[in-house]
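> Return atomic coordinates for the entry below.
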Amino acid sequence: MSVTIKPSSQDRRLEDTFGAAIGELYETATTEEAPVALRRALQLRSFLVLAEEQVARVRDRVHQATDPDRDMGELSAEDLRMDAQWLEAALDAREGYRAALDELLRTMPAPATGTSRSVQFAQPKITTALPPAAPAPVRAGAMRARRP
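Prediction:
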């Protein structure tokens, strides 16, 4: 299944931030006009989807191995230790991608509204007039004659 279709824990936040469904955001991201922040957010979302899939797979494997109806003779401490390491790595990756996505969404510029706003300064504008210029001396800029 494609990461563009598979849900992630941050989909609602992305949809609220960018104002469209995830599928539409992926379509928008392929256009030249797509904001860089959208492209980066969706790339992080794709990595997050993969990390969350890994967490779910390891979790499900541990649940299956520890099912109460399962024969205890099949339970392996070594397998559970390995799964615990994999789960820790997958959870670390998930938290890293969530943190990166949080940072991106927190620091990205506000979306353009299509209208430009002029900036008003709080200080009043001061204008001054220069005094009239004095006429240049007659010899101003003239070259001196060379002595032989």
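> For the closest residue in space to residue 45 that isn't next to it in sequence, grab the count of nearby residues.
Distances taken as Cβ to Cβ, 6 or more residues apart in numbering place residue 8 nearest to residue 45, at 5.6 Å, with adjacent residues excluded. (Glycine included, C-beta is placed from N, CA and C.) Neighbour count of residue 8, defined by other Cβ atoms under 10 Å: 24.
> Equivalent analysis for the one 3 residues further on, please.
Taking other Cβ under 10 Å as the neighbour definition, residue 11 ends up with a count of 16.
> can you check the one 10 residues further on too?
The local packing count at residue 21 equals 12, with neighbours defined by other Cβ under 10 Å.
> Confirm for me that it is in contact with residue 14.
No - assessed by Cβ atoms under 8 Å, residue 21 is found out of contact with residue 14, at 9.5 Å.
> Am I right that residue 66 is in contact with residue 76?
No - between residue 66 and residue 76 there is no contact under Cβ under 8 Å: 10.8 Å.
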